[in-house]
Structures are given as structure tokens and as C-alpha cells.
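K.L.:
output the structure for:
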Amino acid sequence: MRPCRQNFPLRSQFVGPRVWICHNVVPTSCSPLRPAAAASKPTIMKFTRTLKLSTVLFGLAAGLQAQDAPAAAPAAEAPVADISETEALESLGWFIGDRMIGQQFQLTNLSEEQKSAIIKGITASLNGEKGPDFEKVGPAIDKVVRSRQEAAQAKAAESGKAEADKFFADLKNNQNVTFLPSGLAYETIAEGSGEKPKATDTVKVHYTGKLLDGTTFDSSVERGEPAEFPLNGVIPGWTEGLQQVKKGGKIKLYVPSDLGYGANGAGGKIPPFATLVFDVELLDITAAPAAPAEPAAPAAVN
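P.N.:
Numbers count the residues shown, from 1 in each chain. Predicted coordinates for the structure are as follows:
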């Protein structure tokens, strides 16, 4: 994945810096580029709205698959796992539980009784039993889901803040680290030479992004392909941080959550309120094209 506010350090609705370009109906991963505005507030999924949206998305996906696509060279098929039908269905059940119940509705840490209630509803649906009137029960479901989401986000915010406070307090003991007024911290690993990029420039970089526990959530190095993007199109921590290094230089960015993905996290790999650490090598800078000159005012007529 590339740092897009979705696929690399860009700013969007779900990881990295760019805007979700994922093909899954339910987003799973992206890199650290995405829109800052989207990262600033927690997203509370509303059941009735999500139910309608899911219907539209699944219908759209089916329609797109039915359209004729331009002829292309046949690609090698991915190997198919040698599993039974039962194992395949169990895997599908896991996907629904993780992506829809866990990630989309954020219903985690359920009690055994609560899990049984969800399984009972799914079983009734699979058995063809008549479902509830969602026009009537929808508001009650919204209330339950919202309360659990808000509680989970409050807990994540508290945990993320405590972790960040300790991390940045310890980081202040490192004399090689510079702290900026925004809260961003950085360490110059290699100086580079020449100009530093401006926010309006396009940069070409290699980078690796990690969580504080050392987990790598995105890496152009592992993909073997540098990322290229407009510097003002990524998360704020990248926009500000890469302006501190020269072409050919290397920098380590310590990005607090409010300059990264904030309350929403990204792509299932970056949790809400996560502090991020990026190792970045600035390979090239392309200046933004000059704005066209204003046309001269017409001469006054006497």
C-alpha cells in the first residue's frame, strides 16, 4: 500500500497519504496518506444509514462486475487454498465478523451473551426466518451501536494519549530530535543537499511507517517502488515534516495522532489515536508549475 491519505501519508476516509483507492467493498488497508479533515473527527457509523449504503455498494459492485471489461493479457491466477467448503464458509464468517461487525460497526469486546445474540440473528436469517421491521428497530440498534462506539473511542483516546505522552516525554531525552510547535518531532538521519521541498511541490520518496510497538503498517521499501505525491496532499505530519529535509536526505518523523489519522485510524492497520513513526528518504523534488500570469488590464480609452 502506498502512503495515501489512504495509501500513503496522505489525508481520506480510510490509511495511508492519498484517498481510498481500495477495491474491497469494506476497506481493509491503505497507507498513511489521507485528508486531514477526515482524520480529525471520530466517525460514528449509523446502522440505518450503513444498511442502506451496504445495499447500494453491493449492488454497484455486482453491476460493475457484470460490465464488459476491455480485453487484457491474462494474468496468472493466484493459487487457491486447498480447504474444504466448511473451512471456506468459516473463513467468510470470520471476514463478516471482523470487517463488518468489528471494524465497520466497532462492536468489539462483546460478552458471550452478546455474541450469542448476534449469532442467533445471523442463524435466523440463514434459516430464512422473517426479519425484524428495521424501520421500527433501527433507532434502537443505532442507540446500542452508537453507545458502544463512543465508549470504545473514548477508551482508545485515553489509551492513545497516555502512550503518546510517555513516548514524546522519553523522546525529549534524545538531543538529535527537534520538536516543532505543531507537536511534530523529527530527526535528521542524512542531510542531503540542495533545496528543501515546499508544500506545493511533488516529492518522490521511499518510506517505512511503523506504530510505536514496532509494527510496520506500510513500506514503499518492501514494495520496491518509491511513492510520488504532492506534498500538500498527505497527512499534515508529512506535509510539515518533509519540508525539513533536503533532496537526497533521510529523516525520521514522529507524528502525533492529530497530525496523522486521528480518531478514525486508517485501513484497519493504523488504530485510532495512534502515534506514527516514519523513516523517509527524499529521492526527488518536482516544483509545482508556475501559476499563469494575469492578463494585462486593457488600456483606458479616452
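
K.L.:
now do the helices in this structure.
P.N.:
Secondary structure of the chain by DSSP state H: the helices cover 36-40, 47-66, 85-95, 112-126, 134-171, 220-223, 236-241.

K.L.:
now the shortest one: buried residues?
P.N.:
Going by neighbour count (16 or more other Cβ atoms under 10 Å), the buried part of helix 220-223 is residue 220. C-beta here means a position set from N, CA and C on the backbone, and glycine is covered the same way.

K.L.:
just for this structure, where's the confidence low?
P.N.:
Residues of the chain meeting the criterion pLDDT under 70: 1-78, 291, 293, 296-297, 299-302.

K.L.:
cutoff 50 now
P.N.:
Within the chain, the ranges that satisfy pLDDT under 50 run 1-8, 10-30, 32, 35-40, 53, 55-70, 72.

K.L.:
next one: phi and psi at the residue nearest to residue 160 when sequence neighbours are not counted?
P.N.:
Leaving aside its sequence neighbours, residue 160 sits nearest to residue 273 (Cβ to Cβ, 6 or more residues apart in numbering; 2.8 Å). Torsion angles at residue 273 (phi, psi; degrees, to the nearest 10) stand at phi 60, psi 30.

K.L.:
just checking, residue 273 touches residue 262?
P.N.:
Yes. At 7.2 Å, residue 273 and residue 262 qualify as touching, with contact defined as Cβ atoms under 8 Å.

K.L.:
look up how far residue 145 lies from the residue nearest to residue 160.
P.N.:
Residue 273 is 20 Å from residue 145, where distance means Cβ to Cβ, to the nearest Å.

K.L.:
next one: residue 167
P.N.:
Noted for residue 167: a distance of 32 Å to residue 145, by Cβ to Cβ.

K.L.:
so these two - more neighbours on which side?
P.N.:
Each of residue 167 and residue 145 has its neighbours counted (other Cβ atoms under 10 Å); residue 145 has more, 19 against 15.

K.L.:
I figured the more buried one was touching residue 107, is that so?
P.N.:
Yes. Proximity of residue 145 to residue 107 meets the contact threshold set by Cβ under 8 Å, at 6.9 Å.

K.L.:
what residues are up against the nearest residue to residue 156 once chain neighbours are set aside?
P.N.:
The shortest distance from residue 156 to any non-neighbouring residue, by Cβ to Cβ, 6+ apart, is to residue 272 (4.5 Å). Counting by Cβ atoms under 8 Å, 6 or more residues apart in numbering, residue 272 touches 42, 153, 156, 157, 160, 257, 261, 262, 263, 264, 265.

K.L.:
highest neighbour count among the residues you listed?
P.N.:
The most neighbours of any of the contacts of residue 272, using other Cβ under 10 Å, belong to residue 261, which has 35 neighbours.

K.L.:
any idea how far it lies from residue 142?
P.N.:
For residue 261, the distance to residue 142 - Cβ to Cβ - is 25 Å.
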